[in-house]
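Student: quick one, what's the 3D model for this:
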Amino acid sequence: MKKIFYSVIYNDWGFLAPHEMWFDDLEQARAFSNQDYHDNVIVHTCTRQSTIEKHERTIARQEAETYIQNLLGEPDDVFLGMGEG
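Tutor: Presented below is the predicted three-dimensional model:
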């Protein structure tokens, strides 16, 4: 099985090291990368099931973190199309 994922490297205020946001949807990745402090979308073509599952877990975790941040009313430092950004 082959699956394509997308990642965007970005810097967050107050952190020295860059972060990486993962997506399974190209349009969401592009919307995220279009914010002024993000890099271009990186395409990852995966064929190993273990790698696919790893990236799917990462995406699910990041979406859950974003959802919780939006519920708590914390500042949006990521955009996944949830809430106001």
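
Student: when you work out contacts or count neighbours from here on, use the C-alpha atoms and nothing else.
Tutor: Noted.

Student: buried residues in whichever strand or helix holds Glu27, which are they?
Tutor: Using DSSP states H and E, Glu27 maps to helix 26-33. Neighbour counts over helix 26-33 (16 or more other Cα atoms under 10 Å) mark 26, 28-30, 32-33 as buried.

Student: list the buried residues in the biggest strand by length in the chain.
Tutor: When the chain is parsed with DSSP state E, its longest strand is strand 3-10. Judged by neighbour count (16+ other Cα under 10 Å), strand 3-10 contains these buried residues: 5-10.

Student: next one: phi and psi at the residue most central in space within the chain?
Tutor: Nearest residue to the geometric centre of the chain (Cα atoms, centre = their mean): Met21, 2.8 Å. When read as degrees, to the nearest 10, the backbone of Met21 gives phi -110, psi 130.

Student: by contact count, what packs against the longest helix along the chain?
Tutor: Identified as the longest helix of the chain according to DSSP state H is helix 49-72. Applying 3 or more Cα pairs under 8 Å, 6 or more residues apart in numbering; DSSP states H and E, one finds that helix 49-72 contacts strand 19-23.

Student: and the strand it packs on with helix 26-33, angle?
Tutor: 160 degrees (axes from the mean of the first three to the mean of the last three Cα atoms, to 10 degrees).

Student: so what's the gap between strand 19-23 and the chain middle?
Tutor: Taking Cα atoms, centre = their mean, to the nearest Å, the mean C-alpha location of strand 19-23 is offset from the chain mean by 3 Å.

Student: ok and the longest strand of the chain relative to helix 49-72, angle-wise?
Tutor: Using the same axes, to 10 degrees: strand 3-10 against helix 49-72 is 50 degrees.

Student: thanks a lot, see you next time.
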